[in-house]
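> just the structure for this:
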Amino acid sequence: MNGVVLEARGIQFTRGRREILNIERFSLAEGETIALIGPNGAGKSTLLQIMALLLKPDRGVVEFRGTPANRANALAFRRRMAVVFQEPLLLNTTVFHNVAAGLKLRGISGPQIKKRVNYWLERLGILDLAGRRAHHLSGGEAQRVSLARAFALEPEVLFLDEPFSALDFPTRLTLLHDLGRLLQDTGVATVFVTHDFAEVPYLTDRVAVLKDGRLFKTGTFEEVFKMKPRKETYLTSLYRVFED
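Modelled structure (predicted):
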């Protein structure tokens, strides 16, 4: 098995008196894509933000390649990761400059920025939109820009926080097919958060199920759901896993 890239241990997080997370251990291996699934309110996005070092837990530790994250190294670790949210969060500038923004912050040279940006715009099928301003994009186009921006950083860990939930079904399906190929081609270690189980087989066979802030089940899709993964065209009634 590949080495562990990212690991969270003993994670506890509360808001007010409500316990949001209580996770003994969650790890991500080199080259692995794992779907973090569960109903709304299960704590999926909170765990993602903690692992992406965007949110500090009340207790516990997050290790990046065996080194515990702390105030001194958190920024350096975050620069080796990328996050794609449900909302694209684009700047009010052109598509090209949106994708280039993170590279500029990391001090990448101008010629290298142009090369990387154009490459990922082409891979995401939006090279012809390079000069268009972000507020003129459709929802699907905007999310492709967000994905291109993330992949252009060449991250060691990619976090996807329900990136397709706001999109119409045809757009979502096309993006799932395209993203599945990109994850396979790049081999970047990825955490994919979704509450729509039908999305999972397009990207991975590995799942971790959160319920009430705790890891409920982990394993392959077939082990967790007692059925072989299929690329469904409609949502299936898989919530029975939470009733076991």
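> contacts, neighbours, all on C-alpha from now
Noted.
> count the neighbours of residue 159 for me.
Taking other CA atoms under 10 Å as the neighbour definition, residue 159 ends up with a count of 24.
> and the pLDDT for it?
pLDDT, residue 159: 98.
> helix or strand for it, which one?
Under the criterion DSSP states H and E, the helix or strand holding residue 159 is strand 157-161.
> helix or strand with the lowest mean pLDDT in this structure?
Lowest by mean pLDDT, DSSP states H and E among the helices and strands of the chain is helix 221-225, with a mean of 84.
> who are the packing partners of it?
In this structure, helix 221-225 packs against strand 206-211, with contacts taken as 3 or more CA pairs under 8 Å, 6 or more residues apart in numbering; DSSP states H and E.
> give the pairing partners of the strand it packs on; include direction for each.
strand 33-37 (parallel), strand 214-220 (antiparallel) (DSSP bridges).
> these two touch, right, residue 127 and residue 118?
Yes - contact between residue 127 and residue 118 holds when scored by CA atoms under 8 Å: they sit 6.6 Å apart.
> so what sits against both of the two?
With CA atoms under 8 Å, 6 or more residues apart in numbering applied, the contact sets of residue 127 and residue 118 do not overlap.
> between those two, which one's more packed in?
Neighbours of residue 127 and residue 118, each counted by other CA under 10 Å, are more numerous for residue 118; the result is 20 against 17.
> which residues sit in contact with residue 193?
Residue 193 sits in contact with 35, 36, 37, 44, 45, 48, 159, 160, 161, 162, where contact means CA under 8 Å, 6+ apart.
> what about residue 98, how many residues close to it?
Other residues lying near residue 98 total 22 when counted by other CA under 10 Å.
> I'd guessed it sits against residue 88; true?
No - taking CA under 8 Å as the contact criterion, residue 98 and residue 88 are not neighbours in contact, 10.4 Å apart.
> any residues in contact with both of these two?
Common neighbours of residue 98 and residue 88 are listed as residue 145 (criterion: CA under 8 Å, 6+ apart).
> if we can go back for a sec, remind me what the following helix or strand past the strand holding residue 159 packs against, helices and strands.
Sequence-wise, the next helix or strand downstream of strand 157-161 (DSSP H and E) is helix 169-186. Based on contacts counted as 3+ CA pairs under 8 Å, 6+ apart, the elements that helix 169-186 packs against are helix 139-152, helix 200-203.
> let's see it at 10 Å
Secondary-structure packing of helix 169-186 (3 or more CA pairs under 10 Å, 6 or more residues apart in numbering; DSSP states H and E): strand 33-37, helix 110-123, helix 139-152, helix 200-203.
> send the alpha carbons of that helix over as CSV?
Taking Å, rounded to 0.1, in the frame of the first residue of the first chain, the C-alpha atoms of helix 169-186 are listed here in CSV:
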residue,chain,number,x,y,z
PHE,A,169,-27.8,17.1,-14.0
PRO,A,170,-26.3,17.0,-17.5
THR,A,171,-23.6,19.5,-16.5
ARG,A,172,-22.8,17.5,-13.4
LEU,A,173,-22.6,14.2,-15.3
THR,A,174,-20.2,15.6,-17.9
LEU,A,175,-18.0,17.1,-15.2
LEU,A,176,-17.9,13.9,-13.2
HIS,A,177,-16.7,12.0,-16.3
ASP,A,178,-14.0,14.6,-17.0
LEU,A,179,-12.9,14.9,-13.4
GLY,A,180,-12.7,11.1,-13.0
ARG,A,181,-10.2,11.0,-16.0
LEU,A,182,-8.1,13.8,-14.5
LEU,A,183,-7.8,12.1,-11.1
GLN,A,184,-6.8,8.9,-12.8
ASP,A,185,-4.2,10.7,-15.0
THR,A,186,-2.7,12.9,-12.3
